[in-house]
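Participant: got a predicted model here, sequence first, then my questions.
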Amino acid sequence: MKKIINVVMLVIFIINIIGCATILKEKQAKVKIESEPQGAEIYKLVGGMFGDKREVRIGRTPATMTFSNRSSVGLIFKKDGYEESNYIIRSEPQGGWMIASLACFIFPAIIDFVTRNAWSLKDKEVKVTLDPVLPKQADQVTTKK
């Protein structure tokens, strides 16, 4: 009986140190990405260590891609003859994981929140409509009589 109690206490201790979402939750999410028209190049906005941002080409629509649940994802869509379009897939704390962590006392909830393991991407499907590039007014020649 003493061994069973020790095992139960050890399990409770481990859960309290690590957090429910850290142990159980998926770390990545699949996102279906489409554009109208299809065939747009998809770029991911990547931030550098010193605040420098760059665009990294990651594919072409339609696509299904996997991203980390822990942080928001900035996407840029480009296609010749169309205006560039931006989309942000936001990562937000999920209440269910926080409640589960709180049920195991406050420490796991803090761990799950700080490590962002209790966070998930809000959108699992993205559809962007690209606007055609309009001719510039300067290109139109008008004559006065």
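Facilitator: Perfect, thanks for sending it.
Participant: buried set for the helix or strand containing Leu45?
Facilitator: Assigning secondary structure by DSSP states H and E places Leu45 in strand 41-47. Buried residues in strand 41-47, counted by 16 or more other Cβ atoms under 10 Å: 41-44. C-beta coordinates here come from the backbone N, C-alpha and C atoms, glycine included.
Participant: ok, residues contacting that strand?
Facilitator: For strand 41-47, contacts defined as Cβ atoms under 8 Å, 6 or more residues apart in numbering pick out 33, 53-61, 63, 65, 73-79.
Participant: quick one, helices of this protein?
Facilitator: Here the chain has its helices, by DSSP state H, at 2-18, 20-24, 95-103, 106-114.
Participant: quick check: mean pLDDT of the longest one?
Facilitator: The pLDDT scores in helix 2-18 average 72.
Participant: can I get the strand holding Leu45 in CSV? Just the C-alpha atoms.
Facilitator: Taking Å, rounded to 0.1, in the frame of the first residue of the first chain, the C-alpha atoms of strand 41-47 are listed here in CSV:
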residue,chain,number,x,y,z
GLU,A,41,3.4,32.0,-53.6
ILE,A,42,3.2,31.7,-49.7
TYR,A,43,5.9,33.5,-47.7
LYS,A,44,6.3,33.2,-43.9
LEU,A,45,7.4,36.4,-42.1
VAL,A,46,10.4,35.4,-39.9
GLY,A,47,11.7,37.7,-37.2
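Participant: so where's this protein shaky on pLDDT?
Facilitator: For the chain, residues meeting the criterion pLDDT under 70 lie at 12-25, 48-51, 95-118, 137-145.
Participant: got a list of what the nearest residue to Thr129 once chain neighbours are set aside touches?
Facilitator: Nearest non-adjacent residue to Thr129, counting by Cβ to Cβ, 6 or more residues apart in numbering: Glu36, 4.6 Å away. Glu36 sits next to 127-130 when contact means Cβ under 8 Å, 6+ apart.
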